[in-house]
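>>> next come a sequence and a model predicted from it.
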Amino acid sequence: MDVILRGFRDGDGAALMHLHRRAIMAVPDDIVSPEHRRDWAHGLEEAGYVRAIEAGEHFIIAERGGVVVGFCSYLLGAPEAEIVGLYVDPDAQRRGVARALVTEAERRLFDRGATAITARASPAGEPAWAAMGYRVTGQESYRSRGGSTLAVARMAKPLSATSQRPHRNFYGRRKGQHLKDSQERYLAEDLEALSPGAVDWDANPQRTPLDLDAVFGTRDVWLEVGFGGGEHLIHQAASNPDVGIIGCEPYINGVAMLLGKIREAGVRNLRVHPGDARDLFDVLPEASIAKAFLLYPDPWPKKRHHRRRFVTPEHLDPLARVLKSGAEFRVATDIPDYVRQTLEEVPRAGFEWLAEGPADWREAWPDWYSTRYEQKALREGRVPHYLTFRRR
Ligand SMILES: C[S@@+](CC[C@H](N)C(=O)[O-])C[C@H]1O[C@@H](n2cnc3c(N)ncnc32)[C@H](O)[C@@H]1O
């Protein structure tokens with residue numbers, strides 16, 4: 001189950017105190033003396049977190065399945081900011097919770113002008129901080145209210161636009177079989193002019209939002225994620241000349257196929273991001289997209305691979321951010337377990353499912369154009385499902 005990051009809410013104090021204590025109790029005995037552990041854990045009180053917030057400390061809470069599994073707090077400061085606390089429940093450690101919290105704190109602090117972050121690490125936490133790019137800059141002794149001491153390392157990390165580049169695993173194919181000469185030519189000649197603006201991290205390290213008005217004027221803008229060979233995308237572009245459509249697809253052979261179709265159809269209202277949708281979400285302005293299509297996303301049938309699916313918070317939360325309120329989001333899939341995960345995850349990300357009866361998911365949309373993947377699924381006896389959501 002994935003971790004969700006959120007801000008502090010009324011009533012969180014008790015959960016934070018409980019987790020904080022559990023984390024302190026789990027620090028090995030050779031690192032913290034029994035007196036210090038007792039002082040450290042017993043000095044905590046529920047209202048202390050609220051007082052810290054009132055005094056200017058910011059909290060990020062990590063939650064999994066509705067349970068708080070970690071938190072981090074930081075103090076703004078430019079050019080140097082500080083991560084004051086980082087605690088992960090012992091049962092949730094080594095699963096990327098600390099990294100997710102620190103990355104989010106770094107992103108927020110960088111956005112607010114910090115160019116370096118400091119933190120204090122106990123010997124137990126030092127390797128984890130080092131793995132996140134923090135270097136030891138000095139040693140300190142931390143004195144508890146009861147007078148016991150703990151040796152801590154002062155650590156620091158410089159922040160820059162490129163250090164903010166998130167690590168994103170991509171499991172699909174970016175290149176398949178050999179490209180035809182004509183396809184190589186389309187890529188060389190046409191792709192640049194079809195760019196929606198600077199999307200890639202190298203071209204836009206500050207993640208400046210795209211100027212969609214400059215690209216499409218005042219037209220509505222739609223988005224198709226993972227367009228494959230582009231047959232549905234080109235159909236929608238040709239049928240809706242008054243709309244601007246952005247397609248994104250990391251598989252370069254698919255992009256080349258689309259470019260051939262664009263030449264053939266002569267449509268002018270399409271733009272292409274030949275890469276990962278997550279990079280595009282970073283730079284699409286909030287509430288800028290009026291309709292989105294996710295057609296036959298990679299099924300990842302094995303249970304241990306379900307977290308790679310598109311219908312996970314990593315993709316759905318930023319998608320929800322860029323969709324306008326009321327925007328339609330269409331998902332087509334032939335995998336029953338993908339339907340299950342979609343119906344679970346998409347509403348959680350801020351959408352409502354619009355189905356009133358079975359016809360709504362068994363019959364294709366009136367303006368549908370069957371994709372290559374759907375044709376294959378039908379040939380192999382699998383049943384398409386058409387799920388329609390509305391962004392709340
Ligand atoms: C099963 S194919 C379906 C292609 C097409 N929509 C169709 O129905 O024929 C899924 C596509 O999603 C693309 N894809 C996977 N992860 C993606 C991501 N993070 N961003 C954009 N596209 C992605 C893959 O490259 C692949 O072409």
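Arrived safely.

>>> Leu19: which element?
helix 12-25 (DSSP states H and E).

>>> buried residues, that helix. List them.
Under the neighbour-count criterion of 16 or more other CB atoms under 10 Å, helix 12-25 has 12-13, 15-17, 19-20, 23-24 buried. Backbone N, C-alpha and C define where each C-beta goes, glycine included.

>>> for it, name the packing helices and strands.
Other elements packing on helix 12-25 under the criterion 3 or more CB pairs under 8 Å, 6 or more residues apart in numbering; DSSP states H and E are helix 34-42, helix 46-54, strand 57-64, strand 67-75, strand 80-88.

>>> export these to TSV and tack on distance to Ala114 and mean neighbour count?
TSV is the format used below for the helices and strands packed on helix 12-25 (distance: least, CB to CB, whole Å; neighbours: other CB atoms under 10 Å):
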stretch	distance to Ala114	mean neighbour count
helix 34-42	27	17
helix 46-54	19	14
strand 57-64	12	20
strand 67-75	9	22
strand 80-88	4	21
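
>>> which of the ones you listed sits closest to Leu316?
strand 57-64 (15.8 Å; CB to CB).

>>> how many other residues sit next to Phe293?
Phe293 has 22 neighbours, counted by other CB atoms under 10 Å.

>>> now do the contacts for it.
By CB atoms under 8 Å, 6 or more residues apart in numbering, the contact set of Phe293 is 222-225, 232, 236, 330.

>>> quick one: secondary structure of it?
Judged by DSSP: H, G, I helix; E, B strand; the rest coil, the three-state class of Phe293 is strand.

>>> out of the helices and strands packed on helix 12-25, which comes closest to the ligand?
Distance to the ligand, taken as CB to the nearest ligand atom, is lowest for strand 57-64 among those, at 22.6 Å.

>>> give me the helices and strands touching the closest one, please.
Checking 3+ CB pairs under 8 Å, 6+ apart, strand 57-64 ends up next to strand 3-6, helix 12-25, helix 46-54, strand 67-75, helix 97-111.

>>> out of the ones you listed, which gets nearest to Arg154?
strand 67-75 (14.6 Å).

>>> Leu294 pairs with what?
Taking DSSP bridges as the rule, Leu294 bridges to Val225, Val331.

>>> okay, now Asp111: neighbour count?
11.

>>> same question but for Phe110, I mixed them up
The burial count for Phe110: 18, using other CB under 10 Å.

>>> if we can go back for a sec, now render the helices and strands packed on helix 12-25 as TSV, adding distance to Glu356 and mean pLDDT.
Shown next, in TSV, are these (distance: least, CB to CB, whole Å; pLDDT from 0 to 100):
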stretch	distance to Glu356	mean pLDDT
helix 34-42	54	84
helix 46-54	44	92
strand 57-64	32	95
strand 67-75	34	96
strand 80-88	44	94
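
>>> and those as JSON lines, adding distance to Pro358?
Listed next are the helices and strands packed on helix 12-25 as JSON lines, based on distance: least, CB to CB, whole Å:
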{"stretch": "helix 34-42", "distance to Pro358": "55"}
{"stretch": "helix 46-54", "distance to Pro358": "49"}
{"stretch": "strand 57-64", "distance to Pro358": "34"}
{"stretch": "strand 67-75", "distance to Pro358": "35"}
{"stretch": "strand 80-88", "distance to Pro358": "44"}
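
>>> could you say which helix or strand holds Ala327?
Short version: Ala327 belongs to strand 323-333, going by DSSP H and E.

>>> what does the pLDDT read for Glu231?
As predicted, Glu231 sits at a pLDDT of 98.

>>> residues touching it, list them.
Neighbours of Glu231 in contact, by CB under 8 Å, 6+ apart: 261, 369-372.

>>> which ones among the residues you listed also lie next to the ligand?
371-372 (CB under 6 Å from any ligand atom).

>>> what segments of the stretch 101-250 of the chain are strands?
Counting by DSSP state E, counting those that start in this stretch, the stretch 101-250 of the chain has strands at residues 116-121, 135-143, 149-158, 220-225, 243-248.

>>> mind putting those strands into CSV with mean neighbour count and distance to Tyr171?
As requested, the strands of the stretch 101-250 of the chain are exported to CSV (neighbours: other CB atoms under 10 Å; distance: least, CB to CB, whole Å):
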stretch, mean neighbour count, distance to Tyr171
strand 116-121, 20, 31
strand 135-143, 11, 32
strand 149-158, 17, 29
strand 220-225, 24, 15
strand 243-248, 25, 16
